[in-house]
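[1] predicted model, plus sequence, below.
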Amino acid sequence: MHKNLPSVTVSRLVAYLRVVSEMEVEGVIYATSDRLGNAANVSAHQVRKDLLLAKVTSGTRGRGYTVAILRRELSSTLGLTRSWRVAIVGMGRLGQALADYPHFKGFNFDLVCGFDRDPNKVGKLIGSLPVYGMAELSSRVEELALDIVFLTVPVGSAKAATEMIVKAGVRGVLNFVPTVISVPDTVRVEPVDFLAGLKRLAFYLQPHADPAATTT
Ligand code: NAD
């Protein structure tokens, strides 16, 4: 029902949810749009606009938003009140590190299993996850009701693995591979590009040229 929210709004809703979750833990009862905006690095006006778009009703003029209700409303808008079943495709260094991350469950993401094409990994347990071969992808997606996969294969394998993931009926891909993967409209891809973050850091850390020196 909120599918038509702009992607940048969804990103900000995720940021507001993190902020209100922290406030709730701290025992804060009301949060003004000023306070939410400061914490999420946007203006109070933007906060009000986003929360209006998301049909949030927990705001009261003068007092702000009731933190506990806002947290529940945002969780609901973001689809986080149900659990999502997740698998990892590519159980190498990154796949194994993700398999060891203990906090997915706390956010309603249920890490169910891994897939790999390496016969030495198939049939083993990595962390607590059973690892299946890629030939089993379609049947396991159906049997285990998998919604989302983390894609953690080498760049050269991304296309082939993605084709199998799409064919298997997975609806969401969190793509850790530093390449663009193409999928039909029925599948949503979210890239996790830590190299993009590094490149942004490099830009901000470099000594900036003196603007006066460049105008001559
Ligand atoms: P890795 O070589 O350790 O592991 C890759 C795994 O994918 C292996 O287990 C391999 O058998 C499996 N695989 C290869 N082709 C496959 C296929 N077609 N289907 C299923 N499984 C297949 O690599 P890694 O270091 O874990 O990195 C994985 C990806 O994540 C890379 O694209 C990398 O650029 C990206 N990445 C890695 C890191 C990191 O810190 N290691 C960080 C960010 C992004």
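    Yep, that arrived. Numbering: from 1, shown residues only.

[2] what does the chain put close to the ligand?
    By Cβ under 6 Å from any ligand atom, the residues of the chain that approach the ligand are 89-95, 115-118, 121, 134, 152-155, 157, 160-161, 176-178, 194. Heads up, the C-betas are built off the backbone N, CA and C, glycines and all.

[3] switch the cut-off to 8 Å
    89-97, 115-118, 121, 134, 151-158, 160-161, 164, 176-179, 192, 194-195 (Cβ under 8 Å from any ligand atom).

[4] residue in the protein with the shortest distance to the ligand?
    Ranked by Cβ to the nearest ligand atom, the top residue of the chain for proximity to the ligand is residue 92, at 1.6 Å.

[5] run me through the strand neighbours of the longest strand along the chain, direction for each.
    Counting by DSSP state E, the longest strand found in the chain is strand 109-116. Its sheet considered, strand 109-116 pairs with strand 84-89 (parallel), strand 129-133 (parallel) by DSSP bridges.

[6] contact partners of it?
    Residues external to strand 109-116 that are found in contact with it (Cβ atoms under 8 Å, 6 or more residues apart in numbering): 83-92, 95, 98-99, 104-105, 121-122, 126, 129-134, 136-137, 140, 144, 146, 148-149.

[7] just the buried subset of those, written out for PyMOL, thanks.
    To isolate the buried subset of the contacts of strand 109-116 in PyMOL, counting by 16 or more other Cβ atoms under 10 Å, use the following:
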select buried, resi 84+86+87+88+89+90+91+95+98+99+121+122+126+129+131+132+134+137+140+146+148+149
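
[8] before we move on, back to that, and the next helix or strand after the longest strand of the chain, average pLDDT?
    Next along the chain after strand 109-116, taking DSSP states H and E as the criterion, comes strand 125-126. Regarding strand 125-126, the rounded mean pLDDT is 96.

[9] roughly how far does residue 197 sit from residue 68?
    32 Å (Cβ to Cβ, to the nearest Å).

[10] who's more crowded, these two?
    Shown here are residue 197 and residue 68; by other Cβ atoms under 10 Å, residue 68 has more neighbours (14 against 10).

[11] can you say which helix or strand has that one in it?
    Going by DSSP H and E, residue 68 is part of helix 67-77.

[12] same question, residue 39
    Taking DSSP H and E as the definition, residue 39 sits inside helix 33-40.

[13] buried stuff in whichever helix or strand comes after that helix?
    Next helix or strand after helix 33-40 toward the C-terminus (DSSP H and E): helix 44-53. Across helix 44-53, burial judged by 16+ other Cβ under 10 Å covers 46, 47, 48, 50, 51, 53.

[14] quick one: contacts for the last one?
    When you say that, I think you mean residue 53. With Cβ under 8 Å, 6+ apart, residue 53 has these contacts: 5, 9.

[15] same question for the third one.
    Applying Cβ under 8 Å, 6+ apart to residue 48 gives the contacts 33, 59.

[16] again, only using 10 Å
    For residue 48, the contact set (Cβ atoms under 10 Å, 6 or more residues apart in numbering) comprises 33, 36, 37, 56, 59, 65.
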